Structure formats: C-alpha cells, structure tokens
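**Q** Pasting the sequence and the predicted model now:
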Amino acid sequence: MRDRWVGLQAGVDARKWAGLLRRAHSTAVSRGHVAPIVREVIADSWQRCNVTGIDPDEPGAPLVVEPSDARERWRDHPLSKGTEILRSVLGDLLYDAQHIVVVSDADGLLLWSEGHPDVLKASEQIRFSPGHGWSEASAGTNAVGTALAADHAVQVFSAEHYRSEVHAWQCSGAPVHDPETGATLGVIDVTGRYDTAHPHNLALVQLAARLVEEQLRAEMLARDARILELFAQHTARHGGPAAALSPMGRVLAATPAAWRSGRVDTGSQPSGLLVDELGEGALLRPARQRGRRRAAPRRLTFMTPERALLDGPDGSVRLSPRHSQIASALAAHPHGLDARALSELLYGEPGHEVAVRAELHRMRDLFGEGLATRPYRFSDIELSETSEIPPPPRA
C-alpha cells in the first residue's frame, strides 16, 4: 500500500518519476490543473503556496537572521540537546548516502545543519542553510515548511517542491513536539539530491524525532522529580494547602489532592494565591498563609564571606558556609540576581542553576519575606553597623 507521506515509493525509478512530476508541476502552475499523480498532501501545499502568492520561478528563501545569530539561537534551542542523537541515528545516511541534516525552529527558520561536505556546499546555493526561512509562506512546498503546516512527517521529492529551483533535491522532515505542552518546537530534516532519495529516509527522520522527544521527556521528568523533592520538604516543614508547579504551570502535586489538575499561569499572580519559586518550578499557596510565614529578620551580619549571622524575632541563626556565600552575593547586589548570575558567582560558570535554586528555597525557610524572588534579593534586611558588605564570592 502506498504511503501518502512518502515522496518516492520503493522500486520506483527516481529519474523517471522526477520527470513525470516536473510535467505535472508545469501544468499545475500554468493552467491551475493538478494531475492525479500528485499526492494530496502536495496538492494541498501547492494550493496554499498559490494563495500566499509564492512565485514558483523565483529563486531562494529569505535570509531572516545572520548565520551567526542562527548559531546563537541554536545554542539556546531545546532541540540542540538532541545533536548526538541525530548524529547517531542519521550518521550513515549523511556521509555514506550523501545527505545533510537540518533543524529548524517552529517558524521554519533553519538553525543548524551538518552532513556530507559536498551537499552542505551545494545546499548553500539554494539558501538551505542556517539563517534562512523555509516555512511554506517563505519558500513554498518543502519538507520543513510542509511538515510544520501539516504537523506531520513528510517527504518531498523533486518537482513536488513548489519552487523550480529546488527540483533537483529531495527532503524528509519530521516535527518535534514539546513533551509538556505539545507545542511544535521545530523540524528535523534530512536532505539530498533527488537521485539519492529512498522511502526509508522518512522513517529514519521520524525515528530521530521520536528519540529527541523521548530525551526531552526524560529531562522533563527528572526536572519534575527535583521540584517534587523540594515540595516534599516544604510540606513536611509547613503543611497546609500548597501545589508544586512545573515552569509551564503544570500542577505536579498538591495538598489537598483536589488542587491537582490543570495548569496555572505563573506569569501573573492568581487571585487569592501566592506563587513563589520552588527550584526550577513554582510553589502555589493560598494568600491567607502569608501571615504564617516567618517574619523578615532584622539584621544580617557578615564575619567573612562564608560566615554570616542572621538576627530575627526568633533569635540568632548562624548560616551555613554555602548560605553565607549566597547571602554575601545578594548583599553586594541590592537590585537582585537571577539563578544564572548566582551560579557564575558561586561556581565560576553557569550550569549550576538547579543547585542554586534548591539552596535559595532552603534559605527562604530562614529569611521568610526577607528574601524576595524574581530576581533574588533581600527585602528589609539591615546589615550590621559594624560590618561591611563583603565582596561577591569567587569560585
């Protein structure tokens, strides 16, 4: 049975099929008649391109950002975590069968490419390289843009591309979705000359996309576990109704269980509720609990950057060396620091934000309302008159 998402079926002569498609493409753009040999998914895409006003004879895709900017975006993009998976799954296809792998964001902007050097060089001639936009609205029918439009993996072969300039190519693209929200993160695409096409290309790129999704899911579950560990510590110490939220506001756990449903917008303060940071996530509590929180301490005295004494309504508490270091950094930055900045101060590099947030959550038990968040900073904390604010700690 023919797979409607595959552009070149097994056993079909690639050169002859490309010739038939070129004639079908010519008829479609000149007369508006789409031949029966054109797959429905391609015919639908051609119709969208026609409505959008794509010129099939116009060359190239637009440069949206400079390649250097695309590389910066790639470093911060969730799909960059799957680079090694792509190399492992697609490596033989890229170099032995002369293909490249390209990854786009959810708008069809190409962020990263790798593969056979000759094909990489040739792909630059058609602007199929990082920094260029390959949505259907920008570049016509292609595996990146059409996979985004259809939200399904698809292979586009030769003259199935709406733009004539790309008829010498074939590509297979699969969208990747956020495991938490279901939103499309981007497309993984494998591309080569049309005479190197194979129906298995689509299956391989789908496998790569699923493996990347599973990696993201595993990272999400590990992150959720860290948030839940902090939530367990909170409920053991304070009790009362509360909920642990993921960074996207998904309820992970709650007391009572009736709270455990739906999603909370952590970007705004829900009516009657308080939202505090909880590691990488957030803690949701009724606003009426505010009076139960520890009152803000009155004075913070530093003996050294690693020895600090906290004086408050309940007496004095000597901070641990790590908490003293964090307090020292915050005292030196009254306007506040985020977790990344604190990681750089405490460890000499970013990447330790999880550990920093966990320590700050524990410090909230001591400082109460005196330790504000977003960014982290002291609120109504006095420094000892006989002490000086020490310099920020160094790694």
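**A** It's in.
**Q** what about Ala253, which SS state?
**A** strand (DSSP: H, G, I helix; E, B strand; the rest coil).
**Q** count of neighbours near it?
**A** Residues lying near Ala253 (other CB atoms under 10 Å) number 17. No exception for glycine: its C-beta is placed from N, CA and C like everyone else's.
**Q** repeat for Arg4
**A** By other CB under 10 Å, 11 other residues sit near Arg4.
**Q** Can you check what pLDDT the model gives it?
**A** pLDDT, the model's per-residue confidence, is 91 for Arg4.
**Q** Thought Val176 was touching Thr184, still the case?
**A** Yes - assessed by CB atoms under 8 Å, Thr184 is found in contact with Val176 at 7.3 Å.
**Q** avg pLDDT for the lengthiest helix in the chain?
**A** Taking DSSP state H as the criterion, the chain has its longest helix at helix 200-238. Helix 200-238 shows a mean pLDDT of 94.
**Q** tell me the angle of it relative to strand 251-255?
**A** Between the axes of helix 200-238 and strand 251-255, defined by axes from the mean of the first three to the mean of the last three CA atoms, to 10 degrees, the angle is 20 degrees.
**Q** following helix 200-238, which helix or strand shows up next?
**A** Next helix or strand after helix 200-238 toward the C-terminus (DSSP states H and E): strand 242-245.
**Q** From the contact counts, what lies against that next one?
**A** Here strand 242-245 touches helix 200-238, strand 251-255, strand 273-278, strand 281-286, going by 3 or more CB pairs under 8 Å, 6 or more residues apart in numbering; DSSP states H and E.
**Q** a markdown table for the ones you listed, including distance to Arg15?
**A** Converted to a markdown table, the helices and strands packed on strand 242-245 look like this (distance: least, CB to CB, whole Å):
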| stretch | distance to Arg15 |
| --- | --- |
| helix 200-238 | 17 |
| strand 251-255 | 55 |
| strand 273-278 | 60 |
| strand 281-286 | 56 |
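**Q** right, so of the ones you listed, which gets closest to Phe157?
**A** Nearest to Phe157 among the helices and strands packed on strand 242-245 is helix 200-238; the distance by CB to CB comes to 9.9 Å.
**Q** quick one, that closest one and strand 281-286 angle?
**A** Going by the same axes, to 10 degrees, helix 200-238 makes 50 degrees with strand 281-286.
**Q** Can you give me the buried ones in helix 200-238?
**A** With burial defined by 16 or more other CB atoms under 10 Å, the residues of helix 200-238 counted as buried are 201-206, 208-209, 211-213, 215-216, 220, 223-224, 226-228, 230-231, 234-235.
**Q** repeat for stretch 246-257
**A** Neighbour counts using 16+ other CB under 10 Å place Ser246, Met248, Gly249, Arg250, Val251, Leu252, Ala253, Ala254, Thr255 of stretch 246-257 among the buried residues.
**Q** can you list the residues you listed in TSV and add pLDDT and distance to Ala14?
**A** Output for the buried residues of stretch 246-257, formatted as TSV (pLDDT from 0 to 100; distance: CB to CB, whole Å):
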residue	pLDDT	distance to Ala14
Ser246	93	47
Met248	89	44
Gly249	88	49
Arg250	91	46
Val251	91	52
Leu252	92	50
Ala253	91	54
Ala254	89	57
Thr255	86	62
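**Q** Return the member of the residues you listed nearest to Tyr194.
**A** For the buried residues of stretch 246-257, the nearest to Tyr194 is Met248 (41.1 Å; CB to CB).
**Q** what about the closest one, distance to Pro179?
**A** For Met248, the distance to Pro179 equals 11 Å [CB to CB, to the nearest Å].
**Q** In which helix or strand does Cys3 reside?
**A** Careful, residue 3 is Asp; it's not Cys. For Asp3, there is no host helix or strand (DSSP H and E).
**Q** What's the separation between it and Val190?
**A** For Asp3, the distance to Val190 equals 16 Å [CB to CB].
**Q** Thr83 too?
**A** In this view, Thr83 and Val190 are 15 Å apart by CB to CB.
**Q** re earlier: what is the nearest of the buried residues of stretch 246-257 to Arg374?
**A** Of all the buried residues of stretch 246-257, Gly249 has the smallest distance to Arg374: 14.7 Å, by CB to CB.
**Q** and the closest one, what does it touch?
**A** Gly249 is in contact with Arg263, Val264, Asp265, Thr266, Ala282, counting by CB atoms under 8 Å, 6 or more residues apart in numbering.
**Q** how many neighbours does Ile100 have?
**A** By other CB under 10 Å, the burial measure for Ile100, its neighbour count, is 26.
**Q** quick one: pLDDT of it?
**A** You'll see Ile100 listed with a pLDDT of 97.
**Q** beta partners for it?
**A** Gly115, Thr191 (DSSP bridges).
**Q** just to revisit the earlier point, out of the buried residues of stretch 246-257, who's nearest Val354?
**A** Minimum distance to Val354 across the buried residues of stretch 246-257 is 13.8 Å, recorded for Ser246 (CB to CB).
**Q** out of everything not next to it in sequence, what's closest to Thr27?
**A** His33 (5.6 Å; CB to CB, 6 or more residues apart in numbering).
**Q** so the residue nearest to Thr83 when sequence neighbours are not counted is in which element?
**A** Excluding its sequence neighbours, the residue lying closest to Thr83 (CB to CB, 6+ apart) is Trp112, at 7.7 Å. Remark: Trp112 resides in strand 110-115, with elements defined by DSSP H and E.
**Q** Could I get the buried residue list for the very next helix or strand once past that strand?
**A** Per DSSP H and E, the first helix or strand lying C-terminal to strand 110-115 is helix 117-125. By neighbour count on 16+ other CB under 10 Å, the buried set for helix 117-125 is Val119, Leu120, Ala122, Ser123.
**Q** from the middle of its chain, how far away would helix 117-125 be?
**A** With CA atoms, centre = their mean, to the nearest Å as the basis, helix 117-125 stands 27 Å off its chain's centre.
**Q** Contacts for the very next helix or strand once past it next, please.
**A** Using DSSP H and E, the next helix or strand after helix 117-125 towards the C-terminus is helix 136-139. Identification of contacts with helix 136-139 by CB under 8 Å, 6+ apart yields 45, 48-49, 52, 54, 60-62, 64, 108, 132-133, 142, 145-146, 148-149, 163, 166.
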